[in-house]
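> predicted coordinates and the sequence they were generated for:
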Amino acid sequence: MSESTKRPPVKNWHSDLDHFDPDFIADPYPIYEELRGKCPVAHSDRYGGMTWLTRAADVAAAANATETFSSRRTVISEVPTDRHGLVLPPINIDPPHHAERRRLLLPFFTPTATADWEPTIRQICSGLLDGLDGRTAFDAASEYAQEIPGDVTARMLGVPLEDTPQFRWWLHDLLELGPTNPTLARETTTRMMDYMLGLISDRRRVSGDGDLVQYLLEQTVDGEELSDDEMARTLFLLLIAGIDTTWSALGFCLLHLATHPEDRHRLASDPSLLPTAVEEFLRAYSPVFIARVAEHDTDIDGCPVVAGDWTVLAFPSANRDPELFERPNEVLIDREENRHSAFGLGVHRCLGSNLARLEMQIAIEMWMERFPNFELTDVTAVTYSGGHVRGPRAVPIRILS
């Protein structure tokens, strides 16, 4: 039995929220809506104390208040917030030191650099779709969505595609089981760091062909080369950020299209809607929320926040806030004004957002060209991951003629 299944069920979401509760994992949107309407700043004593921000304005304000809400710990766990975890630059480094670490990676993720990945992404998607051709029923999440970001990340690191299943297991152990099982989290972290350090050692002997490891080997900070440990921690972060998030977002796209035939037919007949559709899927089904640590006692909308509390920036809730979006609970694939925060806000906004968008747009475009008509076969078979990244892990579909 996992640690999370031993936790008592939530009886009051306003005062006892637990993001690992099965009801929250299955469908958090009604819970978020209730909190926004009645108690937008919710508190829970679980995990040593959490404050959840559910309104868009509060989430944005906290994301930009970096002196009050530190990024030194971003994943809620049973490990107290006064203990420092593995530093993964730049995500859990606060300003002003954050800027130099972010600038280090920016050239690799510019729109121009990202566009160079298009042929690779198309090749990956084409190969996966060829493998599904001729079948009338399969799992769109496990046999398509999960494979794409893993393969892209493997190519970015310059490692064999055979390593990608291991990446997914590590992320499962670290992000879904690790927060309630510190021993497993430490063991998984050690394995991942050993892998990255080995990769760097290999690349020092044999240079890579423009991959991310080779790129980091050529960078300096204040005129100094990065140590192997610094590079390994950066690669560790990019592995986490590049796979589970995009896989989850892409799975939501396919799940929506499998259950909303009107949107599916409309997108099939008018592919020009794809960019706005992807943005709308990101808004309506934002897979990620992030945590901060309150550095001192403060308050939000008159609600006290205690120093040392986890402070949750609930982006999925903010992206359905009626104060920011009209008809927030409806998915409008032609929504033009869409200031969503699926990629975060402030100085820590996702570095890889351009790449994630490109992967999603190409994956859905090529899917719709190959399988324009499909449907979900069993709504009860759809399962979701728990933790900071929530996404469909099983989307059984049937190809229609």
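Nice, I can see it. Numbering: from 1, shown residues only.

> need the contact list for the closest residue to Leu177 other than its chain neighbours.
Once flanking residues are discounted, Leu177 sits nearest to Leu184: 5.5 Å by CB to CB, 6 or more residues apart in numbering. C-beta here means a position set from N, CA and C on the backbone, and glycine is covered the same way. Residues near Leu184 by CB atoms under 8 Å, 6 or more residues apart in numbering: 173, 177-178.

> now do the same for Leu184: its pLDDT.
Per-residue confidence for Leu184 comes out at a pLDDT of 97.

> report the central residue of the chain.
In the chain, the residue lying closest to the centroid (CA atoms, centre = their mean) is Thr245, at 2.7 Å.

> circling back: and the helix or strand containing the residue nearest to Leu177, what's buried?
Using DSSP states H and E, Leu184 sits within helix 182-205. Buried residues in helix 182-205, defined by neighbour count with 16 or more other CB atoms under 10 Å: 184-185, 188-189, 192-193, 195-197, 199-200, 203.

> then stretch 336-347?
340-347.

> next: stretch 268-288.
For stretch 268-288, the neighbour count (16+ other CB under 10 Å) marks 273-274, 277-288 as buried.

> and stretch 219-227, end to end?
End-to-end span of stretch 219-227 (CA to CA, to the nearest Å): 10 Å.

> check stretch 92-101 too.
Criterion CA to CA; first-to-last residue distance in stretch 92-101 is 11 Å.

> quick check: mean pLDDT of that stretch?
pLDDT averaged over stretch 92-101 gives 93.

> ok now it, how far from the chain's centre?
21 Å (CA atoms, centre = their mean, to the nearest Å).

> list of residues touching that stretch?
66-67, 70-74, 85, 87, 89-90, 221-222, 234, 347-348.

> how about a cut-off of 10 Å?
Here stretch 92-101 makes contact (CB atoms under 10 Å, 6 or more residues apart in numbering) with 66-67, 69-75, 84-91, 102, 221-222, 226, 230, 233-234, 237, 292-293, 295, 346-348.

> circling back: I'd say the residue nearest to the centre of the chain and Pro149 touch.
Yes: counting by CB atoms under 10 Å, Pro149 is a contact partner of Thr245 at 7.9 Å.

> for the two, list the residues in contact with both.
352, 356.

> distance check, Ala63 against Leu273.
Note on Ala63: its distance to Leu273, by CB to CB, to the nearest Å, is 30 Å.

> should've said Thr136
Using CB to CB, Thr136 is found at 27 Å from Leu273.

> in the stretch 51-200 of the chain, which spans are helices?
56-64, 97-105, 111-115, 118-132, 147-157, 164-171, 182-205 (DSSP state H, counting those that start in this stretch).

> top helix in the chain by residue count?
helix 228-259 (DSSP state H).

> now the angle from that helix to helix 147-157?
160 degrees (axes from the mean of the first three to the mean of the last three CA atoms, to 10 degrees).

> how about whichever helix or strand comes after helix 228-259: buried residues?
Per DSSP H and E, the first helix or strand lying C-terminal to helix 228-259 is helix 261-269. Neighbour-count burial for helix 261-269 flags 263-264, 267 (criterion: 16+ other CB under 10 Å).

> hang on, the earlier thing: just the buried residues of stretch 268-288: which are in helices?
274, 277-284.

> quick check: Asp321 is in a helix.
No: counting by DSSP: H, G, I helix; E, B strand; the rest coil, Asp321 is located in no helix; its state is coil.

> what is the burial count for it?
21 (other CB atoms under 10 Å).

> so where's the stretch 101-250 of the chain uncertain?
Scanning the stretch 101-250 of the chain for pLDDT under 70 picks out nothing.

> picking up where we left off before, closest to Trp169 among the buried residues of helix 182-205?
Trp169 lies nearest to Thr188 out of the buried residues of helix 182-205, by CB to CB, at 8.7 Å.

> hmm, Phe167 and that closest one touching each other?
No: counting by CB under 10 Å, Thr188 sits too far from Phe167 to count as a contact (11.3 Å).

> next, the distance between the ends of stretch 221-231.
First-to-last residue span, stretch 221-231, CA to CA: 12 Å.

> what residues does that stretch touch?
Defining contact as CB under 10 Å, 6+ apart, one finds that stretch 221-231 is touched by 87, 89, 100-101, 103-104, 193, 196-197, 199-201, 203-204, 212-213, 215-220, 232-234.

> what about it, distance to the chain center?
That offset, for stretch 221-231, works out to 27 Å (CA atoms, centre = their mean).

> which positions in it come out as buried?
226, 228, 230-231.
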